[in-house]
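# Sequence first, predicted model second:
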Amino acid sequence: MMFNFGQRTVPPHIFLLGICSARIFLYLCLQNYTALIPVLQKEWQMSNTAAGSVVSAYQTGFLISMVALAALSDWVSPKKVFLYSCLSFAASSLLFACFARSYLSAFLLRGLMGLCLGGTYTPVLKLISENFSSAHRGRAMGFFIGAGSLGHAGSLAATGWLAARYDWQTVFFLTSLAPILGAVIPLWILWGLAERKPEPQGKRVKKEVLANRPALLMIAGYSAHTWELEAQRAWTPAFLVACYLALGLTRDQALQSGAVFSSVMYIMGVVSTSAAGYWSDRWGRTAVIIAMMAISISCSFSFGWLIGGPIMWVMIVGLAYGFAVIAESAVYSSGLSELVSPNYLGTALALRALIGFGIGAVAPTAFGLVLDLTNSAETQRALGFLPNWGWAFCMLGAVALVGPLAMWKLRSMPESRMMAGGKQ
């Protein structure tokens, strides 16, 4: 099979390699803030709620652009949306590195980064769904989602390594150079290829999307997934730093150790998204989603209570958490693409982004608020770290329960046989 873009063709493995490589390099700057939250809170005098709101600003910007550009991809070339978004994100990441010097400037510039990044996600999912059959779509989307996890892991590892050697301003700048490659690679592979002409969209959005109960259940499950995922990713580096501080490590040692293990957790996500995509092609979308969310929810209810205990337990549960919390992400995308008409997939992805990432955008702030409510400022100053994390993580698991419940409901509907060649 070759992807025919007019006068030129692109082999599928080159197409997939190009978009995955771009995603890795674009994401290499995304954790340069979260990995340094303990340092920046002191530097910028931020509360836990304020620190989380910077992440939420990014998520909100990401949500706005993703909703708008996902719907636009039903009308214009998804390839063009993707390429211009890569270029704008590379520029915005450098702006953040050079000018984020306070809570307010970080809040605004992180939001700008989110606005620029939204077009690198849902339009690419549409490209994949157009060019991979149902039998291979889960794996292809799994590799693409996994590339993001690899980029996050690399960002954490690089930030931790650089933070032990340079000040935070230098760390911001060095990690923000990688997205330049993330913009150049897809330009090299895709630029000059003839545009795909989107099919004219009809006027049946309500029937095809808004009244499509199976698709809405898939969106509900995905929203529960993003709530758990976005807050877990935003706060796990800081939680791991607190775990190491509780064991008596110095702040520099704790920062580096926390960043390294956080990156290992992200690498588990690289493995899990690819594996879950393959499993869902073989055994069905809903079965894999239920299994993976059951594991991640169990970890949410236990992870935060492990601080102060043996670090081995933190590592064991953390590895399971890192594996399961993102595993089903690509499976949700594959399933939605099979439940919605191709002419309306961009609109369906826009609705999913509006609901799912809207919920995910407020999750880091909600997590920080629970931390503020369950940890006194006096205790934090006396110990040098936050001692109570259990309730905040439990909040993630409680909301995430919506995911497997929605999938159980979907399995009872005949439309579920439209997924994975009839495997539900």
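Cool, got the structure.

# Which strand or helix spans Ile189?
helix 178-190 (DSSP states H and E).

# Same question for Tyr244.
Under the criterion of DSSP H and E, Tyr244 resides in helix 213-246.

# Next: Arg101.
Under the criterion DSSP H and E, no helix or strand holds Arg101.

# Could you pull up the contacting residues of it?
Shown in contact with Arg101 (C-beta atoms under 8 Å, 6 or more residues apart in numbering): Gln169. (Each C-beta comes from the backbone N, C-alpha and C, glycine too.)

# same question, Glu228
So Glu228 contacts Ser296, Ile297, Ser300, Val325, Ala363, Leu396, Gly397, Val399, Ala400 (C-beta under 8 Å, 6+ apart).

# Correct me if wrong: the third one contacts Ala392.
No: at 9.7 Å, Ser300 and Ala392 do not qualify as touching, with contact defined as C-beta atoms under 8 Å.

# ok so, going back, now neighbour count, distance to Ser92 and secondary structure too, for the contacts of Glu228, in CSV please.
Shown next, in CSV, are the contacts of Glu228 (neighbours: other C-beta atoms under 10 Å; distance: C-beta to C-beta, whole Å; DSSP: H, G, I helix; E, B strand; the rest coil):
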residue, neighbour count, distance to Ser92, secondary structure
Ser296, 28, 31, helix
Ile297, 23, 34, helix
Ser300, 25, 31, helix
Val325, 29, 27, coil
Ala363, 27, 22, helix
Leu396, 28, 28, helix
Gly397, 21, 33, helix
Val399, 18, 30, helix
Ala400, 26, 30, helix
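
# Of those residues, just say which sits nearest to Asn375.
Comparing the contacts of Glu228 against Asn375 with C-beta to C-beta places Leu396 closest, at 16.8 Å.

# Name the residues that touch stretch 244-264?
Identification of contacts with stretch 244-264 by C-beta under 8 Å, 6+ apart yields 31, 35-36, 38-39, 152-157, 159-161, 163-164, 236-238, 240-243, 307-308, 311, 315, 318-319, 322, 383-385, 387.

# Tell me which of those residues fall in helices.
Under the assignment DSSP state H, these contribute 38-39, 152-157, 159-161, 163, 236-238, 240-243, 311, 315, 318-319, 322, 383 to helices.

# if we can go back for a sec, just the contacts of Glu228 now: which is nearest Tyr266?
Nearest to Tyr266 among these, with distances taken as C-beta to C-beta, is Val325, at 10.2 Å.

# what residues are up against the closest one?
Counting by C-beta under 8 Å, 6+ apart, Val325 touches Glu228, Leu229, Gln232, Arg233, Gly269, Ser296, Cys299.

# Against Ala234, how distant is the first one?
Just to be clear, that refers to Glu228. 11 Å (C-beta to C-beta, to the nearest Å).

# Give the residues shared as contacts by those two.
Common neighbours of Glu228 and Ala234 (C-beta under 8 Å, 6+ apart) are Ala363.

# Format the contacts of Val325 as JSON lines; extra columns: distance to Gly61 and pLDDT.
Shown next, in JSON lines, are the contacts of Val325 (distance: C-beta to C-beta, whole Å; pLDDT from 0 to 100):
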{"residue": "Glu228", "distance to Gly61": "21", "pLDDT": "95"}
{"residue": "Leu229", "distance to Gly61": "17", "pLDDT": "93"}
{"residue": "Gln232", "distance to Gly61": "20", "pLDDT": "92"}
{"residue": "Arg233", "distance to Gly61": "16", "pLDDT": "85"}
{"residue": "Gly269", "distance to Gly61": "23", "pLDDT": "83"}
{"residue": "Ser296", "distance to Gly61": "26", "pLDDT": "96"}
{"residue": "Cys299", "distance to Gly61": "28", "pLDDT": "96"}
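
# Most neighbours among those, which one?
Glu228 (31 neighbours; other C-beta atoms under 10 Å).

# Chain neighbours aside, what residue packs nearest to Ala91?
Cys116 (7.4 Å; C-beta to C-beta, 6 or more residues apart in numbering).

# any idea of the angle the helix or strand where Ala147 lies forms with helix 213-246?
Counting by DSSP H and E, the element that carries Ala147 is helix 134-163. Angle, helix 134-163 to helix 213-246, by axes from the mean of the first three to the mean of the last three C-alpha atoms, to 10 degrees: 20 degrees.

# For helix 134-163, buried residues please.
134, 136-160, 162-163 (16 or more other C-beta atoms under 10 Å).

# what's the answer for stretch 388-402, then?
Result for stretch 388-402 [16+ other C-beta under 10 Å]: buried residues Asn388, Trp389, Gly390, Ala392, Phe393, Cys394, Met395, Leu396, Gly397, Val399, Ala400, Val402.

# Identify the residues contacting the closest residue in space to the first one that isn't next to it in sequence.
I take that to be Asn388. Distances taken as C-beta to C-beta, 6+ apart place Thr374 nearest to Asn388, at 4.6 Å, with adjacent residues excluded. For Thr374, the contact set (C-beta under 8 Å, 6+ apart) comprises Asn388, Trp391, Ala392.

# Lowest-confidence member of these, which is it?
Lowest pLDDT of these: Asn388, 87.

# residue ranges with poor pLDDT in the protein?
Along the chain, segments meeting pLDDT under 70 span 1-10, 134, 192-203, 205-206, 420, 422, 424.

# wait, what's in contact with Val124?
By C-beta under 8 Å, 6+ apart, Val124 lies in contact with Ile19, Arg23, Pro78, Phe82, Phe144.

# Which ones among those residues map onto helices?
Going by DSSP H, the helices hold Ile19, Arg23, Pro78, Phe82, Phe144 from the contacts of Val124.
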